[in-house]
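Trainee: here is a sequence together with a model predicted from it:
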Amino acid sequence: MALFHVARYSGPEEAGPAQAETDTDGRARKLLERLQSRARERQQQRRSAPSQAIAEAAGKRRRRPRRRRRGSSGEPESPGAPRRKRPKAAGSGADAGRGDEAPEEGAVHAKAETVEEASETPREGPPEAASGAPARALLLGGFERRRAPKVQPLLPTWLAKPRRVGKSVTEHLVPIQDIPEVHPDLQRKLQAQGISSYFPVQAAVIPTLLQSAAGGFLVGRGGFWPRDLCVSAPTGSGKTLAFVIPVVQALLHRVVCHVRALVVLPTKELAQQVCRVFHIYTAATPLHVALVTGQKALAKEQESLVQRTANGYRCLADIVVATPGRLVDHIDQTPGFSLQQLRFLVVDEADRMVDSMHQSWLPRVVAAVFRCEGPADPCALFQRGPLRAVTAASTCAPQMPLQKLLFSATLTQNPEKLQQLGLYQPQLFSTGLESKGSEGGVDAAEDTGGKYAFPEGLAHHYVPCKLSAKPLAVLHLVLTTQFSRVLCFTNSRENSHRLFLLIQAFGGVSVAEFSSRHAPSQRKKILKQFEQGKVRLLISTDATARGIDVQGVELVVNYDAPQYARTYVHRVGRTARAGRAGRAFTLLLRVQEQKFLRMLAGAGVPELRRHEVPGELLQPLVPRYEAALAQLERTVRVRA
Ligand SMILES: Nc1ncnc2c1ncn2[C@@H]1O[C@H](COP(=O)(O)OP(=O)(O)OP(=O)(O)O)[C@@H](O)[C@H]1O
C-alpha cells in the first residue's frame, strides 16, 4: 500500500553536496597547514641539533637492511624495471586531501610506516632527506572535536500541517441541523440523547467521513480509495460519536449482513462502553452490533457472530467491537467469521494500540480482509484486494476499499510508529497546540516534546507531601472537597489494594478498588456502582485511565505520580469531560517535583498550581488513621 513518505531527520548528509565539498576543502586546507608547520618545526630542530647526533642517527639507520620495494600488485619489482614513483610524503596535497576523517588505529600505523620508509630511501627532492635527518613517524589525528549538528525532526506534510479543529466544547458549537448530511433518524436519536449541537471534532470529522462513504461500500469517484483519518482531540471532546454516527449511517442501507465495521479498543471496559453507544444509534435499524472481548466464553461470542446454515455460515453482525487478543482468536477459530467485506477499521486509543502492535493483530486483520479463497474470479462483480495503482483495468470492476480511522487524545506524532498502521494518504484532524516538527524542519520545535490539548474546564494542582502522609492527603482531599465521585490512580495493583484496605479501615468513605486483581464481571459491577454514585472513591490502576466515561467525576487524584505525560493526560481526562469542570491533584514527593513539573510543562499543561496541605489540617485525621493502620497490620498478619 502506498504510504506516506517518512523523511524523518535531516542530518549532515542532507546539508547538500556543495556544503559537503566546502567542509572537505576546509578540513584539507587545515590539515595541509598543520603538516607544513610541522615540517618547518622539524627543519628548525635539525638546524639546531649537533651534527654528531645527526651522523650517529644516520649511521644507525644505514645499518638496517633495506626493504624490498614492491609494486602495488605485491610482486617484487624487476631490477631492470623503471622505478615507480614513490607515494607522496604525508605533507603532500593528495594525502592532505584524503585526511578529512581521523584515521583509525591501523591506518595510523600504515601511514607511519610509509613515512618511515620514505625517510629511509634516498631520494631527490627535499634536502633534509638527503642529509639523513632522524626519521620521525608523523601521526595524524588530534583534530579538535566538532559538535554534531542538531538533528531536525522532519514530519510528513500530513502530520506537520493537520486540519485544525476547535478545542473548546463550550463555544462555536455546530447545531445538529447545520449538518444536513446526517440522516434524520440519527439526528433524532442525537436529540433524544440530549445532544443539540456537535462538538468541534464531530463537526469536522462527521461530514468528511460521510463524504468519503458517499460511494457506499465501494471506492469513490474515479476509482480513488478514501483517505485514512487520524483524529487527535482532548479527552471528553466527543471522539466516540465522531465515528459512531458516520459508520452507522454508511451501513444503514446495507442489504446483506456482513462485518463491515470493526472497532478495536485496548480494554474490555472501553469496548463495552463503545458497544453501548453503537447500540443506542443502531436501535430500530436492521444493523447488529457484536461485542467480542473475552468476557464471555468463546462459543458464546461465536454464536453472536455467525450462524451455521444448510449452505454454510450466515453472518450475524454488521459492526464488531473487539479487543485485539479476542479478535485474533475469532479470526483463527471461528468458522465462517469473515472480514472480507470490511469497509471501516476504527482504532480507538490509537497510540496505545500502536504500542500493542507486537501482538500483530493488525497484520492478521488486514490478511483476513484481503483473504482470497480459491482463484480470483475475473468476472466477479466486486473486487477486493490491497491497494494498487489506479489504471483502466483496475477501475473496470468496482473495488471495495478498507478505510482506517484512528482516534486518540494523545495520538503519536512519530511517523515510524504510525507507519506500522499502513495508512493510505492519511489526513490528520488535530486540536494540538503546536506541531512537534515541521515539514522540512524549518520551524521544528523539539524531537520528543509536542503539546497535548487539555479540557478547558480542568484545573491542575500538585500537592507536595511526604511518603508517609500520602494516604492522609488523599483522605483530606476526599473529605474536605465533598465531591460525589473521586477517582484515585496508583501505579500498581498492589498500591491500589493497600490504599483501598487502609481507607476502608479508616471508614467514613464508600470506597472500592478497580484493577486486574478482579474478574471482568466484578470490574463491570464496580464501575456500575461508581457510576450510580454508590461508591464515592474509586481507587484504580491505569485500567480506567483511558476512555472510561463516567458522568460526574469531579476530582481525579494521582496518588502515585504518573511516569509519562501521556498517562497524565488520560488519567486527568476522566474529569472535566464534555465541557464540564473538574480538578486534578497529583501527590508529589520532594524528589519527584522537578521532573514532574518539567514533564507537565512539556506536555502543555496551561497552569499547574501548588496546593499545600499543612500538617495542622491533617492532624485531626491522625488518631483514626493510626487505628486504621494498626487494624490493617493485624489483618495482614492474620492472612499471612
Ligand atoms: N455533541 C455533544 N454534546 C453533548 N455531549 C456530548 C456530545 N458529544 C459527546 N458528548 C458526551 O461527551 C462525553 C465524552 O465523549 P467521548 O467519550 O466520546 O469523549 P472522547 O473524546 O472519546 O474522550 P476520551 O479521549 O477520554 O476517550 C460523553 O459522555 C458523551 O456522551
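Mentor: All right, it came through fine. Numbering: from 1, shown residues only.
Trainee: helix or strand: which one has the residue nearest the centre of the chain?
Mentor: In the chain, the centroid-proximal residue (CA atoms, centre = their mean) is residue 412; its distance is 3.9 Å. When elements are assigned from DSSP states H and E, residue 412 belongs to no helix and no strand.
Trainee: give me the distance between residue 340 and the ligand.
Mentor: 29 Å (CB to the nearest ligand atom, to the nearest Å). Using the backbone N, CA and C atoms, a C-beta is placed for each residue, glycine as well.
Trainee: and that residue, what are its phi and psi?
Mentor: Note on residue 340: its backbone torsions stand at phi -70, psi -20 [degrees, to the nearest 10].
Trainee: now do the same contact list for it.
Mentor: By CB atoms under 8 Å, 6 or more residues apart in numbering, residue 340 lies in contact with 258, 368-371, 384.
Trainee: tell me the mean pLDDT for the strand or helix carrying residue 35?
Mentor: Counting by DSSP H and E, the element that carries residue 35 is helix 17-48. The average pLDDT within helix 17-48 is 77.
Trainee: list the buried residues in it.
Mentor: Buried residues in helix 17-48, counting neighbours by 16 or more other CB atoms under 10 Å, are found at 27-28, 31-32, 34-35, 39, 46.
Trainee: now the residue nearest to the centre of the chain: phi and psi?
Mentor: According to degrees, to the nearest 10, residue 412 has phi -70, psi 150.
Trainee: ok, and the closest non-adjacent residue to it?
Mentor: Nearest residue to residue 412 in three dimensions, chain neighbours excluded: residue 351, at 4.6 Å (CB to CB, 6 or more residues apart in numbering).
Trainee: tell me how many other residues crowd that neighbour.
Mentor: 23 (other CB atoms under 10 Å).
Trainee: shouldn't it be in contact with residue 564?
Mentor: No. Using CB atoms under 8 Å, residue 351 makes no contact with residue 564, being 10.9 Å away.
Trainee: stretch 577-596 and the ligand in contact?
Mentor: Yes. On the criterion CB under 6 Å from any ligand atom, stretch 577-596 is in touch with the ligand at 577-578.
Trainee: kindly report the residues of the protein close to the ligand.
Mentor: Close to the ligand, as judged by CB under 6 Å from any ligand atom, the chain has residues 195, 197-199, 202, 233, 235-241, 409, 547, 549, 573, 577-578.
Trainee: which ones among these map onto helices?
Mentor: In this view, those that belong to helices under DSSP state H are 202, 239-241.
Trainee: now, the most widely separated pair of the contacts of residue 340?
Mentor: Using CB to CB, the contacts of residue 340 span at most 14.8 Å, a distance reached by 258 and 370.
Trainee: which one's more surrounded, these two?
Mentor: residue 258 (18 against 15).
Trainee: quick check: that one is in a helix.
Mentor: No. Secondary structure of residue 258 (DSSP: H, G, I helix; E, B strand; the rest coil): coil, not part of a helix.
Trainee: now do the buried residues in the host helix or strand of residue 158.
Mentor: Element membership of residue 158 [criterion: DSSP H and E] is helix 157-160. Using 16+ other CB under 10 Å as the test for burial, helix 157-160 gives 158-160.
Trainee: okay if I get those residues as TSV plus pLDDT?
Mentor: Listed next are the buried residues of helix 157-160 as TSV, based on pLDDT from 0 to 100:
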residue	pLDDT
158	87
159	86
160	85
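Trainee: state the phi and psi torsions of residue 513.
Mentor: Dihedral angles for residue 513 - degrees, to the nearest 10 - are phi -120, psi 140.
Trainee: just put the contacts of residue 340 in a markdown table and tack on pLDDT.
Mentor: As requested, these are exported to a markdown table (pLDDT from 0 to 100):
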| residue | pLDDT |
| --- | --- |
| 258 | 94 |
| 368 | 93 |
| 369 | 92 |
| 370 | 86 |
| 371 | 80 |
| 384 | 69 |
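Trainee: list just the nearest of those to residue 457.
Mentor: Proximity of those to residue 457 (CB to CB) peaks at residue 369, which lies at 40.6 Å.
Trainee: correct me if wrong: that closest one contacts residue 342.
Mentor: Yes. Counting by CB under 8 Å, residue 369 does reach residue 342; the two are 4.9 Å apart.
Trainee: got phi/psi on residue 500?
Mentor: When quoted as degrees, to the nearest 10, the phi and psi of residue 500 stand at phi -60, psi -50.
Trainee: and the gap between residue 401 and residue 466?
Mentor: Between residue 401 and residue 466 the computed distance is 58 Å (CB to CB, to the nearest Å).
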